[in-house]
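[1] Whatever this is, show me its structure:
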Amino acid sequence: MPVNDSLNKKSRSKTEPPSAIDDRWRETHLGRLLGHAMRRFDARVLALMANNDQVPLALSNLAARDQISAAHVHITRHLSLQGSRLTELAQAAGMTKQAMGNLVTQCEAWGLVKREGDVRDARARKIVFTETGLAWLAAFQGAVSQAEAEFKDAVGLEIATVVALGLEAYCM
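    This is a model prediction of the structure:
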């Protein structure tokens with residue numbers, strides 16, 4: 001067999017059409033599974049929020065109609081109880097300042113948060129929870145606790161503990 005034919009066969013195997021390549025790994029790699037798990041967990045938390053009588057009715061209705069998304073949960077997760085600047089909030093959530101600004105504007109219209117002056121810098125503004133937002137946060141804490149308990153029931157306490165420890169170590 002001539003050398004050129006052997007090279008052509010090698011280069012062809014590298015450029016085989018995607019249908020000939022085993023791509024099952026794309027469905028089961030860790031990043032994809034973590035993404036699915038996070039979306040499932042967030043969806044469960046929002047469903048619990050929608051049916052919680054401790055959540056202000058207007059917000060409960062928004063959650064029930066899927067108007068509040070996992071993106072809005074970023075504010076609930078990352079907004080400091082003392083308030084945060086928009087840039088801090090966006091950075092903590094891994095979002096652009098513009099995207100976070102849009103979420104803050106929506107949450108402000110719903111009465112979850114408000115903007116106020118920052119005592120550290122008169123030019124800056126802080127986003128803080130309103131009383132309604134604090135009620136939402138308390139209900140969110142309860143929903144997260146229930147979703148975590150359901151996860152433990154589904155996979156068992158030992159596996160849930162290993163998953164939590166592993167994720168904590170991975171994120172540090």
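
[2] Verify the contact between H72 and V104 for me.
    No - with contact defined as C-beta atoms under 8 Å, H72 does not reach V104; the gap is 9.9 Å. Every C-beta, even on glycine, is put in place using the N, C-alpha and C of the backbone.

[3] neighbouring strands for the longest strand seen in the chain, and are they parallel or not?
    Longest strand in the chain by number of residues (criterion: DSSP state E): strand 121-129. Applying DSSP bridges to the sheet, strand 121-129 is found paired with strand 84-85 (antiparallel), strand 113-118 (antiparallel).

[4] taking the mean pLDDT, what do you get for the longest one?
    Model confidence over strand 113-118 averages 92 on the pLDDT scale.

[5] what sits up against it?
    For strand 113-118, contacts defined as C-beta atoms under 8 Å, 6 or more residues apart in numbering pick out 75, 79, 83, 85, 104, 107-108, 124-130, 133.

[6] Of these, just say which sits nearest to A154.
    I75 (27.6 Å; C-beta to C-beta).

[7] The closest one - how many residues pack around it?
    Neighbour count of I75, defined by other C-beta atoms under 10 Å: 24.

[8] Next, the contact list for it, please.
    89, 93, 100, 103-104, 107, 112-113, 127.

[9] Report the secondary structure state of it.
    At I75, secondary structure determined by DSSP: H, G, I helix; E, B strand; the rest coil is helix.

[10] Tell me how far it lies from N52.
    18 Å (C-beta to C-beta, to the nearest Å).

[11] ok, now A124?
    34 Å.

[12] A93 now?
    A93 is 23 Å from N52, where distance means C-beta to C-beta.

[13] just to revisit the earlier point, quick one: which of the contacts of strand 113-118 is the most crowded by neighbours?
    I127 leads the contacts of strand 113-118 on contacts (other C-beta under 10 Å) with 26 neighbours.

[14] tell me which residues form a beta bridge with that residue?
    According to DSSP bridges, beta-bridge pairing links I127 with S84, R115.

[15] Next, count neighbours for the residue lying closest to A147 once chain neighbours are set aside.
    Of all residues not flanking A147 in the chain, R44 sits nearest, at 4.6 Å (C-beta to C-beta, 6 or more residues apart in numbering). For R44, the neighbour count with other C-beta under 10 Å is 17.
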